[in-house]
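In: Here is my input; please provide its structure:
(one chain, ligands or ions: 3)
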Amino acid sequence: MEFDLGRNLSAPAPGIVPIADSRSYTVTLAALWIPIFIAISLLWYGRLESPLAHVPLVSTGKSSFWDIGHKKAKESFAANARKIVAKGFQQVGNTKPFRVISDLGEMLVLPPSMADQVRNIDALSHGEFMKESTCAEVHGFEPFFESTGHSLLADMTKTKLMGSLKQLTDPVNETATQACKDLFPDDDDWHEVVLKDILLEIIARMSSTIFLGDEEVRHDKAWLRLTKEYTVDSFLAAHQLRTYPQFLWPVLAMLFPQARKVRDQLRQAEAIIRPLIERRRAEKAAALADPSIKLPERYDSIEWLEQTSQDRKIPYAPVAMQLTLALSAIHTTTDLITTTMYELLRCPEVIRHLRKEVVSVMGSGGIKHSALYNLKLMDSVIKEAQRIKPALSINMVRKATANITLPDGFRIPKGTMLGVSHHGAWDSAVFPEADKFDAFRFVRLREQPGNENRWQLTTLRSEHIAFGHGLHACPGRFLAANEIKIALCHLLMKFEWKVAGEVKPRIIENGIFLDSDPGVRVLVRRRKGEVEV
Ligand code: HEM
Ligand SMILES: *[C@@H]1O[C@H](CO)[C@@H](O)[C@H](O)[C@H]1NC(C)=O
Ligand SMILES: *[C@@H]1O[C@H](CO)[C@@H](O)[C@H](O)[C@H]1NC(C)=O
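Out: Ligands and ions are numbered 1, 2, ... in the order given. Reported below is the predicted structural model:
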């Protein structure tokens, strides 16, 4: 067989004038170089000398020269973050930082003992980290932008929402009462349910009551579904996009079905929430023009956000922002109450103690704001469940917006992405028998003189950073704590719970996220409560 490719290719087709020889040579050379150039840039993509080169880089076990864009290393981290981080601290020592290729790119991992040094540094931005790790600037992900582009949500939560916490107890209690009526059968038999689904529905309804006040749409089925689903769908979509270089995200988001779904959800949210915003704004304009019109006092996030936006002169997208609230509040709170219930199902005697506490604290006064503070065993139980399984194995994630030198001399160059490991909470030197669930652990700690307020669920310390720590610590934790306590009062006083066999819920690990098992089935039966909740 004889092939003469060269001659066939270079033989000009009849009627076409051949290009001058030297020019064709240049074109061929250029054509050869383009793929080589692309291949080299791809190989070196993300591989430039790190400004943190003086800090040890812990291997994810999967890196190699041919690992383009660290794809393998990132996948390895996504599946095994806790193991890789534990290995890192074994290598460098428990009080030293190291670098790792995380699924979000190179990250500096700090030990818990450094949390206090970094927690109040202005140039360590939570928003910038989130912007980089969530595709916040791609269309469809506007709710992420609303939580990272400015501080409106945190400002609103710290001022208006915190100031109304007391007023929220009654509506949240009423929502819990109604949810229990709707979601559980009204007879005396045992029923099998998927626990987390039920808890998600209860928390979604409570959140809707808090965020939309007494507006009718708070009951809207489509809206409740959106608030539950947007979080999950947008995380999936972002996860897909993140495996590609950032400049491709806007284009890929137009093509990928998951990203298109997220955009569609945003459109649905507009259709449901926009009319409400417009109506409120029109009412206000009317009241401004005519002083005889009296507007009702409103305790809900629509109003708080409008006011805060005006006070602080921060423009925002009100509809996307409602999904931002859902993102921040619903799955986080659901995960914590689920984790708590999984622990309780394993120790029925703790449930008995909790019921006694509810009876003695509530007395005949019912669920009052002040009563929630006195549920000290319940507070301890929730904090202990969160200690063992927080929502994040690396918390306090930040991006350095300037060169920083810490008090101990450690330098953090501008651009560094960092986080603090949660493992202080898993350390038996800090919490004896740390891998054991001990319902009374924080009750006992609070009984020590001077410690009364140091170990509440909402108090933050470097050894227990599940709500973060410092400047950007979760401002919604007081609300979340109250919601969970009110929900637990209803669930424990009105129902008996048991599991068929042993509960061994899995922890679903995805990068730095630790999610509670979504599939655990439990048995539930109505009971006669000692007190009316
Ligand atoms: C159990 C439930 C919750 C958990 C585990 C949780 C966890 C967290 C964590 C870990 C952070 C970052 C803290 C840091 O990096 O230092 C955070 C920030 C935040 N959370 Fe929560 N959260 C919960 C509920 C809520 C709720 C109900 C709201 C609703 C208002 C909320 C609003 C926020 C906001 C606005 C921020 C950003 C703060 C800032 O950037 O300054 N969270 N949350
Ligand atoms: C909670 O709400 C239900 C229904 O509105 C009510 O019957 C109950 O008394 C409330 N509990 C307390 C303690 O306010
Ligand atoms: C940060 O430090 C690096 C190296 O030490 C230096 O080249 C750079 O100019 C500094 N950047 C700023 C913004 O100070």
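
In: For the rest of this, base every contact and every neighbour count on C-alpha atoms.
Out: Will do.

In: shaky segments in the stretch 251-400 of the chain?
Out: 364 (pLDDT under 70).

In: mind redoing it with 90?
Out: When residues are selected by pLDDT under 90, those of the stretch 251-400 of the chain lie in 293-299, 362-371.

In: what do you get for the stretch 1-150 of the chain?
Out: 1-54, 59-75, 103-105, 131-134, 147-150.

In: Which pLDDT value goes with residue 245?
Out: Note on residue 245: pLDDT of 85.

In: Could you count how many residues lie near it?
Out: 11 (other C-alpha atoms under 10 Å).

In: ok, so what distance separates it from residue 71?
Out: As judged by C-alpha to C-alpha, to the nearest Å, residue 245 and residue 71 stand 11 Å apart.

In: Ligand 1 contacts on the protein?
Out: Neighbours of ligand 1 within the chain, by C-alpha under 6 Å from any ligand atom: 126-127, 153-154, 157, 325, 328-329, 332-333, 336, 391, 395-397, 466-470, 472-477, 479-480.

In: just so I have it, where are all the strands in the stretch 101-250 of the chain?
Out: Counting by DSSP state E, counting those that start in this stretch, one finds strands in the stretch 101-250 of the chain at the ranges 105-110, 124-125, 191-194.

In: Same question for the chain.
Out: 57-58, 98-102, 105-110, 124-125, 191-194, 394-400, 404-405, 411-412, 417-421, 495-498, 507-510, 513-516, 521-526 (DSSP state E).

In: Using TSV, lay out those strands together with mean neighbour count.
Out: Formatted as TSV, the strands of the chain follow (neighbours: other C-alpha atoms under 10 Å):
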stretch	mean neighbour count
strand 57-58	18
strand 98-102	22
strand 105-110	22
strand 124-125	24
strand 191-194	14
strand 394-400	25
strand 404-405	14
strand 411-412	18
strand 417-421	26
strand 495-498	18
strand 507-510	16
strand 513-516	20
strand 521-526	19
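
In: Figure out which of those is closest to residue 372.
Out: strand 495-498 (19.8 Å; C-alpha to C-alpha).

In: picking up where we left off before, show me how to select, in PyMOL, the buried members of the residues of the chain next to ligand 1.
Out: A single PyMOL command selects the buried members of these (16 or more other C-alpha atoms under 10 Å):
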select buried, resi 126+127+153+154+157+325+328+329+332+333+336+391+395+396+397+466+467+468+469+470+472+473+474+475+476+477+479+480
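
In: circling back to that earlier point, can I get the strands of the chain in TSV with distance to ligand 2?
Out: Below are these laid out as TSV (distance: least, C-alpha to the nearest ligand atom, whole Å):
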stretch	distance to ligand 2
strand 57-58	53
strand 98-102	46
strand 105-110	44
strand 124-125	41
strand 191-194	24
strand 394-400	35
strand 404-405	51
strand 411-412	51
strand 417-421	40
strand 495-498	16
strand 507-510	33
strand 513-516	28
strand 521-526	17
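
In: Which one of those lies nearest to residue 344?
Out: Using C-alpha to C-alpha, the strands of the chain put strand 495-498 closest to residue 344, at 9.3 Å.

In: Mind listing the strands that closest one pairs with, and their directions?
Out: strand 521-526 (antiparallel) (DSSP bridges).

In: what's the partner strand in contact with?
Out: Identification of contacts with strand 521-526 by C-alpha atoms under 8 Å, 6 or more residues apart in numbering yields 186-195, 494-500.

In: Check stretch 122-138 too.
Out: Counting by C-alpha under 8 Å, 6+ apart, residues outside stretch 122-138 touching it are 104, 118, 141-145, 147-150, 235, 238, 241-242, 249-250, 253, 396-402, 404, 417, 471-472.

In: Report how many residues lie close to the closest residue to residue 166 other than its chain neighbours.
Out: Counting by C-alpha to C-alpha, 6 or more residues apart in numbering, the nearest residue to residue 166 once its immediate chain neighbours are dropped is residue 369, at 5.8 Å. Neighbours of residue 369 under the rule other C-alpha under 10 Å: 16.

In: Do a quick rundown of the helices in the stretch 351-500 of the chain.
Out: Secondary structure of the stretch 351-500 of the chain (DSSP state H, counting those that start in this stretch): helices at 369-374, 376-388, 441-447, 477-494.

In: if we can go back for a sec, filter the contacts of stretch 122-138 down to the ones near ligand 3?
Out: residue 402.

In: surely the residue nearest to residue 166 meets residue 171?
Out: No. In this structure, residue 369 is not within contact of residue 171 by C-alpha atoms under 8 Å, at 11.7 Å.

In: any idea how far residue 469 lies from residue 418?
Out: 14 Å.

In: actually residue 105, not the one I wrote
Out: 10 Å.

In: For residue 266, which of the strands of the stretch 101-250 of the chain is the nearest?
Out: By C-alpha to C-alpha (comparing all of the strands of the stretch 101-250 of the chain), the closest turns out to be strand 124-125, at 26.6 Å.

In: ok, how many other residues are close to the closest residue to ligand 2 within the stretch 201-350 of the chain?
Out: Nearest residue of the stretch 201-350 of the chain to ligand 2: residue 206, at 12.6 Å (C-alpha to the nearest ligand atom). Number of residues near residue 206 (other C-alpha under 10 Å) recorded here: 24.

In: show me what contacts it?
Out: 172, 175, 176, 483 are the contacts of residue 206 under C-alpha under 8 Å, 6+ apart.

In: between the residues you listed, which is closest to residue 305?
Out: Once C-alpha to C-alpha is applied, the member of the contacts of residue 206 that ends up nearest residue 305 is residue 172, at 19.8 Å.

In: Skip the chain neighbours and tell me the closest residue to the closest residue to ligand 1 within the stretch 151-300 of the chain.
Out: Here the stretch 151-300 of the chain gets closest to ligand 1 at one residue, residue 154, 4.0 Å apart by C-alpha to the nearest ligand atom. Among residues not flanking residue 154 along the chain, residue 475 sits closest, at 6.5 Å (C-alpha to C-alpha, 6+ apart).

In: Over to that neighbour: give its phi and psi.
Out: Dihedral pair for residue 475: phi -80, psi -10, per degrees, to the nearest 10.
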